[in-house]
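Colleague: can't give you the sequence, but here's the structure:
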């Protein structure tokens, strides 16, 4: 029996980082900020295990005029999580109803993931998880996939991996996993039903 492993952000949970700035910046101003400050590099560092305090210090040293935006992102992070991606929880439940094991592999800051758990508690129902900020390495680094294999006690060929990031999917596939690039719940259901891991829409239990 294969195990289905889900990414979280934009696969299971809707995440819109701009919402941390809504009412303070326009979307265009937020996008300009992320490019001008290379914000996503700092975010990836937190995903890879760097602490918020350490990352804030580095960011302030390089971009002192923008520290308020960084702080607002952290303080209002829960506002960026707007609930489940439509239809995906139904897919997960249907997979589990077939006694197919499910798990999580997600890039997420250790400190911010605590907020995610309190905001979207259904995460706990998915199963075992490997969170990048907790293990100190983030996708697409192959080491986090190797940690997943170890945590689950599975070979790569025993895992179906779902992610919305093409780089992550390519690395997963190169390591031997059956990797699916996520678009939406209907596409995911179709891909899993082809593999006998979920009922098709016409056959799913109501």
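Modeller: Arrived safely, thanks for sending. All of these numbers come straight from a predicted model, not from anything done at the bench. Residues are numbered from 1 along each chain as shown.

Colleague: which residues of this structure score low on pLDDT?
Modeller: The model of the chain has pLDDT under 70 over residues 202-206.

Colleague: what residue of it is the furthest out?
Modeller: Farthest-out residue of the chain from its mean C-alpha position, per Cα atoms, centre = their mean: residue 65, at 29.6 Å.

Colleague: just the helices in this structure please.
Modeller: In the chain, the segments counted as helices under DSSP state H are 27-36, 39-47, 52-62, 67-75, 88-97, 110-119, 132-135, 142-152, 166-174, 185-194.

Colleague: identify each buried residue in the fourth one, please.
Modeller: Pointing back at helix 67-75 there. By 16 or more other Cβ atoms under 10 Å, the buried positions in helix 67-75 come out as 67, 69-70, 73-74. Where you see a C-beta, it was placed from the backbone N, CA and C, and this is true even at glycine.

Colleague: the residue farthest from the centre of the chain and residue 25: what is the separation?
Modeller: 14 Å (Cβ to Cβ, to the nearest Å).

Colleague: for residue 78, same thing?
Modeller: In terms of Cβ to Cβ, residue 78 sits 18 Å off from residue 25.

Colleague: repeat that for residue 119.
Modeller: From residue 119 to residue 25 the distance is 22 Å (Cβ to Cβ).

Colleague: likewise for residue 145?
Modeller: Relative to residue 25, and taking Cβ to Cβ, residue 145 is found at 36 Å.

Colleague: neighbour count winner among these two?
Modeller: Per other Cβ atoms under 10 Å, whichever of residue 145 and residue 25 has more neighbours is residue 145, with 25 against 16.

Colleague: what about the nearest residue to that one once chain neighbours are set aside, neighbour count?
Modeller: Once flanking residues are discounted, residue 145 sits nearest to residue 175: 5.4 Å by Cβ to Cβ, 6 or more residues apart in numbering. Residues near residue 175, counting by other Cβ under 10 Å, number 17.

Colleague: give the contact list for residue 175.
Modeller: By Cβ atoms under 8 Å, 6 or more residues apart in numbering, residue 175 lies in contact with 142, 145-146, 156.

Colleague: got it, and residue 185?
Modeller: Counting by Cβ under 8 Å, 6+ apart, residue 185 has contacts 85-88, 90-91.

Colleague: ok, residue 171 next?
Modeller: Residue 171 touches 139-140, 142, 145, counting by Cβ under 8 Å, 6+ apart.

Colleague: make JSON lines out of those and add distance to residue 129.
Modeller: Shown next, in JSON lines, are the contacts of residue 171 (distance: Cβ to Cβ, whole Å):
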{"residue": "139", "distance to residue 129": "13"}
{"residue": "140", "distance to residue 129": "18"}
{"residue": "142", "distance to residue 129": "18"}
{"residue": "145", "distance to residue 129": "14"}
